[in-house]
Structures are given as structure tokens and as C-alpha cells.
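Undergrad: fold the following, please.
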Amino acid sequence: MDDERKSSKAGEQAAAGLREATSKDEAKNEGKMGHDLAKGADRFEERSKSSDGKSAEEKQKG
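TA: Numbers count the residues shown, from 1 in each chain. Next comes the predicted model:
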């Protein structure tokens, strides 16, 4: 049981480190771009567009 607790703590610490690193990287990229990156649904839509400029919704419609 102690091994599970240690593993869980290690996982939580790793996740916290990843969130912190991601946040720093995002801030750096936003600084270079001069504006904030899209968040939430806007971010999904931005990322779902491919080289043809169509969104996932447009592609599903046909």
C-alpha cells in the first residue's frame, strides 16, 4: 500500500511539473507572437484547421 502512495505522489509531482513547464512555454510563445493563444473551444477550432483552411465542422458537412 505504501508503494501505491509513493507512486501516486510521484505522479502528482510529475503532473504539476508538466503543467508548470507547459505554462512557461505557452507564455514564451505568446510573448513572441505578441498576443495570447486561443483557449478552450477557440483553441480546438484553431488546431482543427488543416492546410486547406477548412475546420473539422466544415469537413464533416461534406
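Undergrad: any low-confidence regions in the chain?
TA: Filtered on pLDDT under 70, the chain yields the residue ranges 1-4, 50-51, 62.
Undergrad: which residue is nearest the centroid of it?
TA: Among the residues of the chain, the one closest to the centroid is residue 22, at 7.7 Å (C-alpha atoms, centre = their mean).
Undergrad: quick one: list the elements packing against whatever helix or strand that one lives in.
TA: Here residue 22 is covered by helix 2-33, with elements defined by DSSP states H and E. Under the contact definition 3 or more C-beta pairs under 8 Å, 6 or more residues apart in numbering; DSSP states H and E, helix 2-33 sits against no other helix or strand. (C-beta placed from N, C-alpha, C; glycine too.)
Undergrad: just checking, next helix/strand downstream of that helix?
TA: The element immediately downstream of helix 2-33 (helix or strand, assigned by DSSP H and E) is helix 40-48.
Undergrad: hang on, residue 45 packs against residue 54?
TA: No. In this structure, residue 45 is not within contact of residue 54 by C-beta atoms under 8 Å, at 11.3 Å.
Undergrad: let me know how buried residue 39 is, in neighbour terms.
TA: For residue 39, the neighbour count with other C-beta atoms under 10 Å is 10.
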